[in-house]
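Peer 1: Sharing a sequence plus its predicted fold:
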Amino acid sequence: IYYVKTSLFTTCELDNPHFYFESNKMKMIQGDKVVARPVVLYLLDVPLLALPYAVFPNKGGGRRSGWIMPGYGESSRDGQYLKGLGYFWAINDYMDETTTMNLFDRKGFQFHHRFRYTARYKYRGNVRVSQFTTVLDKNLANQSRENIATKWFVEWNHSQTIDPTQHLNVSAKYISDPQTLRNYAIRRTERLKQQMLSSASYSKNWQNLTLALAVRETYDLNAAARLLVPPVSLGQKIEERTRTLPNISLSKKQQALIEGDVNARERWYNKIYWSANSNINNRQNIYWEADSSADSLAWQPKQITLNRFFIKNSYRTNASQKFFKYFAVNLAANISQGIVPEYRRAFLDSTGAFETDSTSGQVVFEKLGKTAIRHTGNMSLSAQTNIYGLIPVRIGKYRAIRHVIKPSITFSYSPDFSKEFLGNDLGYFQK
């Protein structure tokens, strides 16, 4: 154990360090830690921060709580700065928390907090919170709330295996201003981000079924900036957010239509398989649209929220059979069903032609609050065989070349649903 009086502690390698910690009393326990009190942080010999006491790690290996030494520098964008001053807290073997602070003489200061947690084979994740504070008025006599701008960025990532059949994943992000990362982020990859993605998903597997639930949001960080450019056409849109709230999928794995006895010989009808999938989706778009109010094009002051809900069911049947021992023939049929709670129908004039808007020239629609169901489908038939052969060629140690030819032929059919099908007009297209 060593006792030190009036000491300096720094990681700067210069003879006259840019920054350092000064303490009147310091106790150094070799291979363990350093205890100092009181402690004052100096930047260019100017005191910035005082603490009643501080504990610094003084041994290598393992995860241990302790202070994080900062780095000093200067740049044309940020001016002189002190980055990375903070504290690492090793809560236990499964959790830790890191808090760091950055000081910039041109931008103000930043606080970054990161909390990490994990449980082996169960879950792991982290929470990151960043606070960016900018002093707008450099005159210290004029400091008030109006002269200080604070921005926030919050991120949560979580991955969990509930059991071998259930999984949960979350990646959520929040930002108080779309230009926050561009103006304050340290890493270049974050400053160049054009979009911010948030999502959460859950999946559950059974023997023959799979259930998946997901929500997702895409945030265009440049959408607000593009509003500064006037629109060039009526109906032009600038999308800020696109959301899927939610997307639910239920899938039935491929299964034999008629199960056969395990010990019995497989019959031709045991080779007919079927599968199904059902998807429920609600898509939300938040955007600005150009309007022609006041005899000029301009962006509408309020955002528009458009919700699109649909259900899609699909069914598939396929049968693979062998003919004459050498030919593999596969017959497949697909049927899709789409369901929407409402749809649009174009207005027709007296001649039966589509009515158009006199200003924009676009077709005018009316919205019908009725459920619409549409069925589509297709069929395919394919055949394939393998032809094997040997070409007697003597090249060095080689005596022959073996080759395989796989000729195949496929026929597919999909009805033209814009026309009558089996003598009936399905009404899928408005003429």
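Peer 2: Alright, I've got the coordinates.
Peer 1: May I have the secondary structure class of residue 317?
Peer 2: Using DSSP: H, G, I helix; E, B strand; the rest coil, the structure places residue 317 in strand.
Peer 1: Run a quick neighbour tally on it.
Peer 2: By the criterion of other CB atoms under 10 Å, residue 317 has 17 neighbours. C-beta: built from backbone N, CA, C; applies to glycine.
Peer 1: what bridges to it?
Peer 2: residue 274, residue 333 (DSSP bridges).
Peer 1: can you give me the strands for the stretch 201-350 of the chain?
Peer 2: Along the stretch 201-350 of the chain, counting by DSSP state E, counting those that start in this stretch, strands occupy 209-220, 237-256, 272-291, 298-299, 304-323, 327-340, 343-346.
Peer 1: Could I get the average pLDDT for the fifth one?
Peer 2: Taken as a whole, strand 304-323 has an average pLDDT of 89.
Peer 1: can you give me the angle that strand makes with strand 272-291?
Peer 2: 160 degrees (axes from the mean of the first three to the mean of the last three CA atoms, to 10 degrees).
Peer 1: Contacts for strand 304-323 next, please.
Peer 2: Applying CB atoms under 8 Å, 6 or more residues apart in numbering, the contact partners of strand 304-323 are 257, 268, 271-289, 328-341.
Peer 1: and the strands of the stretch 201-350 of the chain, which one's lowest on average pLDDT?
Peer 2: Across the strands of the stretch 201-350 of the chain, the lowest-scoring stretch is strand 343-346, with a mean of 78.
Peer 1: Buried subset of the contacts of strand 304-323 as a PyMOL selection?
Peer 2: The buried subset of these, as determined by 16 or more other CB atoms under 10 Å, is captured in PyMOL by this line:
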select buried, resi 271+273+276+277+279+280+281+285+286+287+288+289+332+333+338
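Peer 1: Now for residue 3: which residues touch it?
Peer 2: Residue 3 neighbours (CB under 8 Å, 6+ apart): 25, 26, 27, 28.
Peer 1: Go again with 7 Å.
Peer 2: Residue 3 sits next to residue 27 when contact means CB atoms under 7 Å, 6 or more residues apart in numbering.
Peer 1: With residue 23 as the reference, measure out to it.
Peer 2: 12 Å (CB to CB, to the nearest Å).
Peer 1: Contact partners for the residue lying closest to residue 286 once chain neighbours are set aside?
Peer 2: Spatial nearest neighbour of residue 286, excluding adjacent residues (CB to CB, 6 or more residues apart in numbering): residue 241 at 4.3 Å. By CB under 7 Å, 6+ apart, the contact list for residue 241 reads 217, 218, 219, 286.
Peer 1: could you redo the last one with a cut-off of 10 Å?
Peer 2: When contacts are counted by CB atoms under 10 Å, 6 or more residues apart in numbering, residue 241 is found next to 196, 217, 218, 219, 220, 223, 284, 285, 286, 287, 303, 305.
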